[in-house]
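**Q** quick one, what's the 3D model for this:
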Amino acid sequence: MQNDNKNTMAFLAIAFAILIGYQFFILGPQQKKAEAELRAKKAAQQQTAAQAGVPLDANGNPAPLRLSRDAAKAQSPRIVVDTPALKGSIALKGARIDDLFLRKYAETTDKNSPPVELFRPEGAEHAWFADFGWNGLNLPGLPDSRTVWTAAPGQVLRPNSPVTLTYDNGMGLTFTRVIAVDDQAMFTVTDSVKNTGANAYQMAPYARVQRQGITDHLGKTQIVHEGAIGNLGGEKKELKYAKYPKWKKDQNRQSFDSTGGWTGITDKYWLAALIPNQDQAIKAEYLFTNVAGVDIYDVNIVGPTQALNPGATLTQKTRLFAGAKTVPLLRKYEFNGQAPDWWKFWDSRKADIPRFDWAVDWGMFSFFTRPIFNVLEIFYRLVGNFGLAIMLLTVVLKLVLYPMADKSYESMAKMKKIAPEVEKLKAKHKDDPAKQQQEMMALYQKEKINPMMGCLPMLIQIPVFYSLYKVLTVTIEMRHAPFFGWIQDLSARDPSTIFNLFGAIPWDPATAPLIGAFLGGPLHIGVWPLLYGFTMWLTTAMNPPAGDPIQQRIFQLFPIIFTFTLSQFAVGLVIYWCWSNVLTIVQQYVMMRRYGVENPIDRIIARLQGKTASAT
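**A** Purely as a prediction, here's the structure:
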């Protein structure tokens with residue numbers, strides 16, 4: 001029975017190590033291999049292009065000459081966008097929303113860092129914009145991307161101050177576009193077309209979000225969804241950037257029928273989403289094309305075709321979310337600014353924007369990841385620091401699981417106490433496994449020990465670890481969130497490293513010749529990973545020893561392996577794990593003292609005092 005228990009614990013520990021190390025040892029090398037292949041492909045393209053005299057873009061891809069962002073912006077007269085959350089402009093050429101920066105978010109943690117760029121005008125590299133209009137067959141003079149709309153001089157788009165654009169095609173159709181914006185991230189675009197002619201027409205409204213090429217870092221991670229996303233037909237519809245180009249030439253689009261819903265393009269933290277009227281039937285499309293060497297990622301929606309009779313007017317209202325995927329903001333829009341009843345978090349079909357927080361990649365265990373985030377958010381509002389919120393969450397989890405963990409640690413303490421007797425039984429009945437098992441079962445019954453209880457702490461930690469890892473990875477609330485001291489971004493790894501004495505030496509180990517890539521990469525060990533390694537060693541030392549020498553060696557190596565592995569993870573996760581270990585150590589220590597079991601803490605204290613350790 002004891003061997004089975006040890007084997008089970010070893011299996012769980014190894015499985016857990018694989019879970020943690022999978023990203024670092026498997027996905028990481030795969031990503032680096034893909035990047036190397038991409039660099040090799042670009043080098044070949046550059047060589048071919050140089051021989052042919054073809055110009056290259058900023059990424060080294062053969063492409064037509066690209067304008068700078070400012071030059072692309074100057075291709076059209078513009079209306080300024082100025083809100084507490086956004087700054088930028090709307091192009092009168094095409095009447096596009098194509099120039100946006102997010103005031104509340106910086107590119108880096110540096111105090112002089114520029115704001116995050118969201119939209120970029122067409123003509124510049126990596127253009128990203130939103131476009132609106134009307135489709136129709138054989139219609140005269142429909143406005144397109146080259147059409148210059150008219151606006152009253154001096155208009156500025158601000159909250160509660162919409163702007164009006166007009167275009168008369170001179171053929172009996174007058175187009176009006178009213179663009180409004182709130183103080184956060186939601187635009188409302190109201191398109192009207194009036195028929196002043198003698199002919200009737202058939203027209204359908206459309207809206208699109210389009211990206212023309214993406215930066216190299218996008219679509220590489222396996223942890224976070226980046227690409228097309230939406231709630232269409234009551235189902236989540238996703239398509240990663242990496243999967244777009246893999247479509248066959250005659251299958252470069254996906255279409256979905258829906259009533260209401262929403263769809264758009266998302267990065268890890270940023271989202272551009274189109275929201276039609278929720279009672280309107282639409283056809284949504286994820287489209288991929290390649291034009292002049294540029295990959296174009298397009299998400300569009302088309303409304304129903306309607307008759308525009310002489311003297312009549314058609315009107316279409318579409319909302320555009322363009323901003324950061326902060327969960328409270330998404331939920332505010334989801335429920336139209338109202339505090340939802342608790343059950344609506346699980347059934348938001350009647351919401352103003354159903355399942356809008358699906359834009360955050362909660363993962364397959366969203367039923368656990370969402371509550372973890374909700375509790376973190378509550379604690380953050382109380383203490384104003386996400387690092388402290390993580391520690392409070394750890395305490396709450398420990399309290400909730402205390403009865404189960406208490407039984408587990410009690411079982412482990414008793415097993416460690418009777419370990420000498422178990423070894424005697426093994427030696428006495430080494431040639432009779434059946435008798436050995438029988439005697440050990442009798443010993444367990446006498447001492448009222450359930451050996452399998454020792455596996456529970458590890459089983460409990462796995463879903464908590466995954467959920468917190470997911471939360472720290474995908475939620476923007478953790479981005480650039482400071483803790484204390486040198487930790488200024490809980491979503492990034494600990495920036496300190498042992499190889500410059502944690503900043504005492506003014507030297508960046510990553511710049512060292514030959515070995516810099518290792519010192520700044522897999523060998524980068526900061527303060528928090530070292531603290532974690534120590535607490536894990538102490539936790540392991542307080543557990544009953546494994547019966548098999550090989551298993552003992554495995555458990556002894558785990559603190560070292562996990563220290564290097566977790567050093568590459570978000571420091572917020574390392575803080576959680578380290579603090580969790582501290583609470584576990586306290587709980588185990590109390591239990592071991594209660595049952596008079598020798599433990600490493602007493603030995604350390606006794607050694608410091610020059611005395612012999614005692615469990616009493």
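**Q** tell me the residue furthest from the middle of this protein?
**A** residue 428 (56.0 Å; C-alpha atoms, centre = their mean).
**Q** show me what contacts that residue?
**A** By C-beta atoms under 8 Å, 6 or more residues apart in numbering, the contact set of residue 428 is 436, 439. The way it works is simple: take the backbone N, C-alpha and C, and place the C-beta from them, glycine included.
**Q** cutoff 10 Å now
**A** 435-436, 439 (C-beta atoms under 10 Å, 6 or more residues apart in numbering).
**Q** over to residue 199?
**A** By C-beta under 10 Å, 6+ apart, residue 199 lies in contact with 139-140, 171-173, 308-310.
**Q** also residue 300?
**A** For residue 300, the set of contacting residues under the criterion of C-beta under 10 Å, 6+ apart consists of 131, 206-210, 253, 263, 274, 282-287.
**Q** now the helices for the stretch 451-600 of the chain?
**A** Assigned by DSSP state H, counting those that start in this stretch, the helices in the stretch 451-600 of the chain fall at 456-474, 516-519, 527-541, 549-566, 571-594, 600-609.
**Q** give me the buried subset of the contacts of residue 300.
**A** Of all the contacts of residue 300 considered here, the ones buried according to neighbour count by 16 or more other C-beta atoms under 10 Å are 131, 206-210, 263, 274, 282-287.
**Q** pLDDT score for residue 215?
**A** According to the per-residue confidence, residue 215 scores 80 in pLDDT.
**Q** re the thing from before, may I ask which of the contacts of residue 199 has the most neighbours?
**A** Each of those was scored by neighbour count (other C-beta atoms under 10 Å); the top score is that of residue 173, with 24 neighbours.
**Q** about what we covered before: closest one of the contacts of residue 199 to residue 228?
**A** Of all the contacts of residue 199, the one sitting nearest residue 228 is residue 139; the distance, using C-beta to C-beta, is 28.5 Å.
**Q** can you report how many residues neighbour the closest residue to that closest one other than its chain neighbours?
**A** Here the nearest residue to residue 139 in space, its sequence neighbours aside, is residue 201; by C-beta to C-beta, 6 or more residues apart in numbering that works out to 5.7 Å. Here the count is done by other C-beta under 10 Å, and residue 201 has 23 residues near it.
**Q** I figured residue 201 was touching residue 141, is that so?
**A** No - counting by C-beta atoms under 10 Å, residue 201 stays clear of residue 141, with 11.3 Å between them.
**Q** joint contacts of the two?
**A** Common neighbours of residue 201 and residue 141 are listed as 172-173 (criterion: C-beta under 10 Å, 6+ apart).
**Q** thinking again about what came up before, which of the contacts of residue 199 lies closest to residue 196?
**A** Using C-beta to C-beta as the measure, the one of the contacts of residue 199 that approaches residue 196 most closely is residue 172, at 5.2 Å.
**Q** leaving out sequence neighbours, find the closest residue to the closest one.
**A** Spatially, and ignoring its direct neighbours in sequence, residue 172 is nearest to residue 197 (2.3 Å; C-beta to C-beta, 6+ apart).
**Q** how is this protein carved up into domains?
**A** Following the assignment in automatic domain parsing, the chain carries domains at 2-29+377-492+525-609, 69-361.
**Q** now the contacts of residue 428: which count as buried?
**A** Burial by neighbour count, 16+ other C-beta under 10 Å: within these this picks out 436, 439.
**Q** mind putting the contacts of residue 428 in JSON lines, pLDDT included?
**A** Rendered in JSON lines, the data for those read as follows (pLDDT from 0 to 100):
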{"residue": "435", "pLDDT": "75"}
{"residue": "436", "pLDDT": "73"}
{"residue": "439", "pLDDT": "75"}
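**Q** how about JSON lines for the contacts of residue 428, with secondary structure and distance to residue 374 added?
**A** Compiled in JSON lines, those are given as follows (DSSP: H, G, I helix; E, B strand; the rest coil; distance: C-beta to C-beta, whole Å):
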{"residue": "435", "secondary structure": "helix", "distance to residue 374": "54"}
{"residue": "436", "secondary structure": "helix", "distance to residue 374": "50"}
{"residue": "439", "secondary structure": "helix", "distance to residue 374": "50"}
